[in-house]
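Peer 1: with the input below, show me the fold.
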Amino acid sequence: MKSILIVLVVIFLGQDLKAQDVAPDFVFSTSDGATTALSDLEGKVVYLSFWASWCGPCKKNFQKYHGLRTQLEAEGVVLLNISLDKDKDKWAAALDKFSYINGTNGHAADLNAVKASYKVSKVPDYHIIDKSGQFVYLSDKPGRDIVAEFREWLK
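Peer 2: Numbering: from 1, shown residues only. Here you go, the predicted structure:
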């Protein structure tokens, strides 16, 4: 569990987007063909993952943290995985092949706008959005409990 904490702290510490900034809205299509927007999830805590089918570290993280992600989802956190693949067929094929990618899987309607507004320069890239649509970040205190932090945001 300690290695999970260290990795997640590193992932969330270097973000350019500030806590309490409102998360930019964007439209995406889900793997089942529906079209929705991030703003449709207002009132929920969202763990947003940007990834791509060609990204080895992305797939490795989905697999390595599947258990933690499953636990967060069971607590009520929305796991939103947005593919930055240019080719939607490659995204769909990856979802079919890698069953450990749990959560809601989507493909952004305007990839360039999403990458710019979230300052995504590499994948994987992660963000946590609270119920009011603002960015929040995991604390960097040693020995903290990630699930407990999410539970506080879920209240």
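Peer 1: ok, residue 108 - how many residues close by?
Peer 2: Other residues lying near residue 108 total 20 when counted by other C-beta atoms under 10 Å. For the C-beta atoms, the positions are set from N, CA and C on the backbone; glycine is no exception.
Peer 1: again but with residue 44, I slipped
Peer 2: Using other C-beta under 10 Å, residue 44 has 16 other residues around it.
Peer 1: name the nearest residue to it, ignoring sequence neighbours.
Peer 2: Of all residues not flanking residue 44 in the chain, residue 78 sits nearest, at 5.0 Å (C-beta to C-beta, 6 or more residues apart in numbering).
Peer 1: I figured that neighbour hits residue 43, correct?
Peer 2: No: using C-beta atoms under 8 Å, residue 78 makes no contact with residue 43, being 10.2 Å away.
Peer 1: which residues does the residue nearest to residue 44 bridge with?
Peer 2: Beta-bridge pairing for residue 78 (DSSP bridges): residue 46.
Peer 1: use 765 as the first number from now on
Peer 2: With 765 as the first residue, the last one maps to residue 842.
Peer 1: quick one: pLDDT of it?
Peer 2: Listed pLDDT for residue 842 reads 98.
Peer 1: quick check: it vs residue 809, distance?
Peer 2: Taking C-beta to C-beta, to the nearest Å as the measure, residue 842 falls 7 Å from residue 809.
Peer 1: repeat that for residue 869.
Peer 2: 18 Å.
Peer 1: equivalent analysis for residue 881, please.
Peer 2: In terms of C-beta to C-beta, residue 881 sits 20 Å off from residue 809.
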